[in-house]
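> Okay, sequence plus prediction incoming.
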Amino acid sequence: MTRYDFLVETYRTERLKTLSVWSQVPDARMDDRVEPRARTAREHMIHQCLGEENWMKGMLGISVSLAPLPARESRREFVAHYASASGERLDQLERQPDAWFESDTTFFDVRRSCAWVLTRRLTHSAHHRGQLLAYLRLWGVALFSTYGTTADTGGLAVDGAEVIYRYASLEDLLEERNERRLPGPGMKSPTERGTS
């Protein structure tokens with residue numbers, strides 16, 4: 001146990017959230033551009049893979065055995081590739097002592113601790129994942145849970161909605177098997193302000 005186990009655990013769960021969101025992107029929508037200035041889903045996946053490779057390797061010294069991008073750029077190949085690469089990174093993060101997290105590294109043009117850089121990487125990944133969730137909504141795709149309940153898992157937790165992840169395990173996600181069912185919206189509007 002280190003003081004920074006919480007960061008390692010956060011990386012563990014955040015990678016699963018990214019994979020879960022990617023699994024929800026329809027194959028036929030991989031190259032749809034929702035707005036001329038926006039990335040496509042494929043470009044988001046490329047950005048995540050390249051960005052995480054550059055930050056983890058270049059700033060944190062965490063290298064993996066895989067190329068930054070999958071050989072084929074299908075949704076399923078991106079999911080499998082990111083699962084493997086992020087799994088290798090997770091294994092290395094789990095072995096780092098407190099001193100590593102507290103050591104300084106170069107973050108673009110400034111010095112920051114490795115813990116700070118990892119935290120920034122996590123929030124950067126969450127930002128792009130949120131953009132993909134917005135795409136899914138615009139495309140009319142029902143959303144499984146990412147951080148909590150959604151309108152498609154029954155609305156708000158206070159109204160009895162559940163957290164429902166698309167797959168029960170990473171293995172199910174990678175094999176695209178045993179997908180859970182969504183109950184759809186609950187009886188109440190999914191807003192804390194109540195109905196108006």
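In hand now; what should we look at? Since the structure is predicted, the reported quantities are computational estimates derived from the model, not experimental observations.

> OK, contacts around residue 94?
residue 8 (CB atoms under 8 Å, 6 or more residues apart in numbering). From N, CA and C alone the C-beta is placed, and that goes for glycine too.

> Next one: it from residue 56, what distance?
From residue 94 over to residue 56 the distance is 14 Å, taken as CB to CB, to the nearest Å.

> Go ahead and confirm residue 78 touches residue 71.
No. Look at residue 78 against residue 71 with CB atoms under 8 Å: they stay out of range, at 11.0 Å.

> higher neighbour count, the two?
Higher neighbour count among residue 78 and residue 71: residue 78, with 25 against 7, using other CB atoms under 10 Å.

> Give me the below-cutoff pLDDT ranges for this protein.
Low-confidence segments of the chain, defined by pLDDT under 70: 194-196.

> what about the helices in it?
5-24, 41-53, 75-94, 98-102, 114-138, 170-175 (DSSP state H).

> May I see the buried residues of the third one?
If you call a residue buried by 16 or more other CB atoms under 10 Å, then helix 75-94 has these buried ones: 75, 78-83, 85-86, 88-89, 92-93.

> Adding distance to residue 168, write those out as a markdown table.
Shown next, in a markdown table, are those (distance: CB to CB, whole Å):
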| residue | distance to residue 168 |
| --- | --- |
| 75 | 20 |
| 78 | 21 |
| 79 | 16 |
| 80 | 18 |
| 81 | 22 |
| 82 | 19 |
| 83 | 15 |
| 85 | 23 |
| 86 | 19 |
| 88 | 23 |
| 89 | 23 |
| 92 | 26 |
| 93 | 24 |
